[in-house]
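Visitor: could you look at this predicted model? Sequence included:
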Amino acid sequence: MIAHSIRISILISLALLLAAQMLFIPAALTAVLCTMWLYLFCITIKPRLQIKKIWTLLLTLTALASVYFSYSTFVGVEAGVAVLTVFLFAKALETQSPRDAIILFNFALFVSASSFLFSQSFAMAVAILLCLISNFIGLYRLQTCSFQIGQSASWPALRHDLNHVGKFILYALPFFVLLFLFFPRLPPLWHIPIPQNKAVTGISDTMSPGDIAELSQSSALAFRVVGDITQLPARSEMYWRALVLDEYDGTRWTSSFSNQQIVQQTEIVLNNPSKKKFKPFEYRYLAADSQVSWIMGLEKSVPLDSQYQQGADWRITPQRQNIKNEPIHLVWIGRADVAVQNEVQRQWLNKRNTQIAENRDLKTQQLANALYKQSGYNPEQYIQQVFAWYKQHNFAYTLSPGMLGENRVDDFLFGTRKGFCEHYASSFVMLMRYAGIPARVVTGYQGGQAAPDGKSWEVRQLDAHAWTEVWLNSRWQRLDPTAVIAPNRIDYGMQSYMQEYQSFFGGTKSELSYRQYAMLTKLRIWSDYASYQWQSKIVGYNAESQRSWFQKIGMKSMYSGAIIMIIGTLCLSLLYLAYIYWKIKKHKTKLARAIGKFNTALPLQLKRQNAETVSVWMNRLSQQVQSDQQLYFQLLRQRYEQYMYMQNGEENIDIDEIIGLLKTCASMLKKL
């Protein structure tokens, strides 16, 4: 049987491991594992209960069945780790002896490390570290429980064990840091397959009223831009482009196949009407989720990495799905257009971007015809007329626009007049198309804010945005009707706008709700910043970053790093040995040090034997000298016993006298 305190360590280790994997394993498997943990908990608090093998078998088979029905296999990254976790819980249910517990804790160390295949985030690292510490405490208790009677599982006992385990980890930490920094970073011997069916959030390839509004209620990080953020444009010009939506069926906007056509660098034409000198800005794009299909580049940006390609609508997509989350090198080239090859292509492009849904939004069509006629059929004047019409009719920018009917644009322009960016972009594009002017919707993000350290730029899901492009003067020009309705949203960012205008939420939340939202947003910002530092400094420490760091400290080759690692390991080992020697010496009394020195000077056959007392030792040594010299050994033994076993109140024995006798005896033995 194993001690109660060890079973408590098993429960804690399993609970921490389950908490780390709960967001990644199927819900059915989570329920079965929780049942197994509760079963083990009942057995722990009531030792009289016995674990029945039939229940262990049934729970294990049920867990394996849930794994198979969720993944359709037992092989692979996610399914494999899930199977290992099931076997670990099954082993915990049948653990009865200390030998079983040793196997269980070592197996738990392996399964805990395997959890990094699910995620390498900072939160996962903290959870796995706690799980490892719990396993170490369990292994420590297995070594000490035999020497402790009635070992307790209370908090003082746990704190005592935690202190010892913490010391061991602190002793090993310098070696971990040294190996992490200087051990050569080799390329992987194999590639981990990409997890399938992974859910992602963010901008999609379709849009209907309310889609982006849902994103804007989330403060989750969408992506991060790393570089000299002082070169970023003004916030009002900070549009992060995803893709173009140019087909509308009266309900939903989609992207046509032509937008996905790949364009070459030679087909991009720079356009700088202001004639001002423009300096391209290179930056790195780091997505919060590597599975997102589009790279949200600052419009208009071009990828510098060959594994990414440029679409006809300026979308940037990977040639194959990303394996891990790494920065993507982009360059912002300012205003530019994709060249139209011939007149046939131009006519087809105009036709596609002037398509309308038949027998829909008749009031909007009448409004477009009237305003276009008032502007003298001048497209630029017409655009200003439309913007003025928005302003005159008190449109509101809100997350609670209400329901729209079959004629959505009519219901919005002449009914609710409350909407989010997708409502304004959709209605504005249709007003352009009803006048025969090519227009399309562009989705992405707008704005963002600097990271807490001021060295990167963070864009969140609440910055999701939709705007429009209109074909004017033989090129696509960005026009944002949201900037007319809610200019502060564009000029100061979504977060500032939401904090300033409480009516933006629909007027249903209290002042306390807004304060709680602001506090949670700040916590989310710092949490994302910590995750970024973890990903960039720890997870992202590869061969390239190691080589760059070596160059900063004056090292020109990987061999010098290996030499420093070896020398550092030796120095740390010598330092620890010196510390152990100093600690032992510090706790030794003056008399103990003198006896140790006396023993060291003796030949092997005269040295003090294991489990030999000083009295017996002195009697043995006295037999090696002449009878008249034996008196000194007997006196030494007598004085030593008086010193070691004297009672309180007795006269203190002079230690120097004993040390003097040791020297005399050593001199006698030396003459033999």
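Guide: Alright, I've got the coordinates. Residues are numbered from 1 along each chain as shown.
Visitor: am I right that residue 218 sits in a strand?
Guide: No - per DSSP: H, G, I helix; E, B strand; the rest coil, residue 218 lies outside any strand segment and is coil.
Visitor: quickly note the distance from it to residue 482.
Guide: Look at residue 218 and residue 482: by Cβ to Cβ, to the nearest Å, they are 19 Å apart. From N, CA and C alone the C-beta is placed, and that goes for glycine too.
Visitor: same drill for these two, tell me which one is more crowded.
Guide: Relative neighbour count places residue 482 above the other of residue 218 and residue 482, with 23 against 15, counting by other Cβ atoms under 10 Å.
Visitor: biggest helix in this protein by residues?
Guide: Longest among the helix segments of the chain by residue count, using DSSP state H, is helix 558-587.
Visitor: for stretch 162-172, which positions count as buried?
Guide: 162, 165 (16 or more other Cβ atoms under 10 Å).
Visitor: which residues touch residue 408?
Guide: 209, 250, 251, 361, 426 (Cβ atoms under 8 Å, 6 or more residues apart in numbering).
Visitor: max pairwise distance over those residues: which two?
Guide: 209 and 361 (13.1 Å; Cβ to Cβ).
Visitor: residue closest to the middle of the protein?
Guide: The centroid of the chain falls nearest to residue 121 when counting by Cα atoms, centre = their mean (2.1 Å).
Visitor: OK, contacts around the residue nearest to it when sequence neighbours are not counted?
Guide: Using Cβ to Cβ, 6 or more residues apart in numbering and skipping the chain neighbours, the partner closest in space to residue 121 is residue 531 (5.9 Å). Contacts for residue 531 (Cβ under 8 Å, 6+ apart) come out as 121, 122, 123.
Visitor: and of those residues, the nearest to residue 567?
Guide: Out of the contacts of residue 531, the member with the shortest distance to residue 567 (by Cβ to Cβ) is residue 122, at 31.8 Å.
Visitor: surely residue 565 meets residue 179?
Guide: Yes - contact criterion Cβ atoms under 8 Å: residue 565 and residue 179 qualify, at 6.7 Å.
Visitor: ok, the two, which is more surrounded?
Guide: Ranked by neighbour count (other Cβ under 10 Å), residue 565 and residue 179 place residue 565 first, with 17 against 12.
Visitor: quick check: that one vs residue 355, distance?
Guide: Taken as Cβ to Cβ, the span from residue 565 to residue 355 is 65 Å.
Visitor: so can I have a markdown table of the contacts of residue 408 showing secondary structure?
Guide: Output for the contacts of residue 408, formatted as a markdown table (three-state DSSP):
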| residue | secondary structure |
| --- | --- |
| 209 | coil |
| 250 | coil |
| 251 | coil |
| 361 | coil |
| 426 | helix |
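Visitor: how about the contacts made by the residue sitting furthest away from the middle of the chain?
Guide: Distance to the chain centre peaks in the chain at residue 628, reaching 79.9 Å (criterion: Cα atoms, centre = their mean). By Cβ under 8 Å, 6+ apart, the contact set of residue 628 is empty.
Visitor: wait, a helix at it?
Guide: Yes - under three-state DSSP, residue 628 falls within a helix.
Visitor: closest one of the contacts of residue 408 to residue 130?
Guide: In terms of Cβ to Cβ, no member of the contacts of residue 408 lies closer to residue 130 than residue 209, at 44.9 Å.
Visitor: per-residue pLDDT, the closest one?
Guide: At residue 209, the pLDDT value in this model is 62.
Visitor: as a markdown table, the contacts of residue 531 with pLDDT, distance to residue 299 and secondary structure would be great.
Guide: Shown next, in a markdown table, are these (pLDDT from 0 to 100; distance: Cβ to Cβ, whole Å; DSSP: H, G, I helix; E, B strand; the rest coil):
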| residue | pLDDT | distance to residue 299 | secondary structure |
| --- | --- | --- | --- |
| 121 | 80 | 30 | coil |
| 122 | 83 | 31 | helix |
| 123 | 84 | 33 | helix |
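Visitor: those residues into a markdown table, with extra columns for distance to residue 28?
Guide: Output for the contacts of residue 531, formatted as a markdown table (distance: Cβ to Cβ, whole Å):
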| residue | distance to residue 28 |
| --- | --- |
| 121 | 24 |
| 122 | 28 |
| 123 | 23 |
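Visitor: quick check, nearest of those residues to residue 90?
Guide: The shortest gap between residue 90 and any of those belongs to residue 123, at 27.0 Å (Cβ to Cβ).
Visitor: in space, what's closest to that closest one - neighbours in sequence excluded?
Guide: What sits nearest to residue 123 in space, not counting adjacent residues and going by Cβ to Cβ, 6+ apart, is residue 531, at 7.5 Å.
Visitor: helix/strand/coil for the one you found?
Guide: Judged by three-state DSSP, the three-state class of residue 531 is helix.
Visitor: report the separation between it and residue 525.
Guide: To residue 525, residue 531 is 11 Å away according to Cβ to Cβ.
Visitor: ditto for residue 235
Guide: Taking Cβ to Cβ, one finds residue 235 at 17 Å from residue 525.
Visitor: which of those two has more neighbours?
Guide: Neighbours were counted for residue 235 and for residue 525 using other Cβ under 10 Å; residue 525 has more, 18 against 15.
Visitor: ok, now how distant is the more buried one from residue 449?
Guide: Residue 525 sits 8 Å away from residue 449, going by Cβ to Cβ.
Visitor: overlap in contacts, these two.
Guide: Residues touching both residue 525 and residue 449 (Cβ under 8 Å, 6+ apart) are residue 458.
Visitor: pLDDT weak spots in the stretch 301-450 of the chain?
Guide: In the predicted model of the stretch 301-450 of the chain, residues 321-325, 336-345, 401-403 satisfy pLDDT under 70.
Visitor: I figured the residue nearest to the centre of the chain was touching residue 534, is that so?
Guide: Yes - the pair formed by residue 121 and residue 534 meets the contact definition of Cβ under 8 Å, at 7.2 Å.
Visitor: pLDDT score for the residue farthest from the centre of the chain?
Guide: On pLDDT, residue 628 comes in at 83.
Visitor: can you tell me how far it is from residue 635?
Guide: Residue 628 sits 13 Å away from residue 635, going by Cβ to Cβ.
Visitor: can you list the domain ranges for the protein.
Guide: 4-151, 206-522, 590-670 (automatic domain parsing).
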